[in-house]
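Student: this one's structure only:
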Ligand SMILES: [Zn+2]
């Protein structure tokens with residue numbers, strides 16, 4: 001038998017644009033397409049939103 005340990009840490013948030021860790025005090029939240037996304041700053045939110053709107057391939 002295999003025991004899988006699932007550690008779901010809801011408080012472990014990362015900036016969805018640059019991947020930096022976010023602390024609760026420093027989270028920039030923006031709603032995009034009806035869903036909340038978390039970023040470290042407004043610049044990352046802007047970039048993420050721009051990419052999101054372009055629609056797009058996963059290519060960089
Ligand atoms: Zn960021």
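Tutor: Structure received. A quick note: this is a predicted structure, and the numbers were derived from the prediction, not measured.
Student: what helix or strand is the residue nearest the centre of the chain on?
Tutor: Centroid-nearest residue in the chain, with Cα atoms, centre = their mean: residue 16, separated by 2.5 Å. Assigned by DSSP states H and E, residue 16 belongs to no helix or strand.
Student: Next one: it, what pLDDT does it get?
Tutor: Reported pLDDT at residue 16 in the predicted model: 94.
Student: tell me the phi and psi of residue 38?
Tutor: Residue 38 adopts backbone torsions of phi -110, psi 140, taken as degrees, to the nearest 10.
Student: Quickly note the distance from it to residue 26.
Tutor: Distance of residue 38 to residue 26, computed by Cβ to Cβ, to the nearest Å: 10 Å. (Glycine included, C-beta is placed from N, CA and C.)
Student: Looking only at neighbour counts, state which of these two leads.
Tutor: The residue with more neighbours, out of residue 38 and residue 26, is residue 38; 17 against 12, by other Cβ atoms under 10 Å.
Student: Which residues of the chain lie near the ion?
Tutor: For the chain, the contact set with the ion under Cβ under 5 Å from the ion comprises 15, 17, 18, 40, 44.
Student: For the third one, give me its contacts.
Tutor: For residue 18, the contacting residues are 40, 44, taking Cβ atoms under 8 Å, 6 or more residues apart in numbering as the criterion.
Student: Go again with 6 Å.
Tutor: Contacts for residue 18 (Cβ atoms under 6 Å, 6 or more residues apart in numbering) come out as residue 44.
Student: the helices in this protein, which residues?
Tutor: 42-54 (DSSP state H).
Student: just for it, where's the confidence low?
Tutor: Residue ranges of the chain with pLDDT under 70: 1-11, 55-60.
Student: So residue 13 versus residue 44, what's the distance?
Tutor: In terms of Cβ to Cβ, residue 13 sits 13 Å off from residue 44.
Student: Hmm, residue 48 is touching residue 15, no?
Tutor: No: in this structure, residue 48 is not within contact of residue 15 by Cβ atoms under 6 Å, at 8.6 Å.
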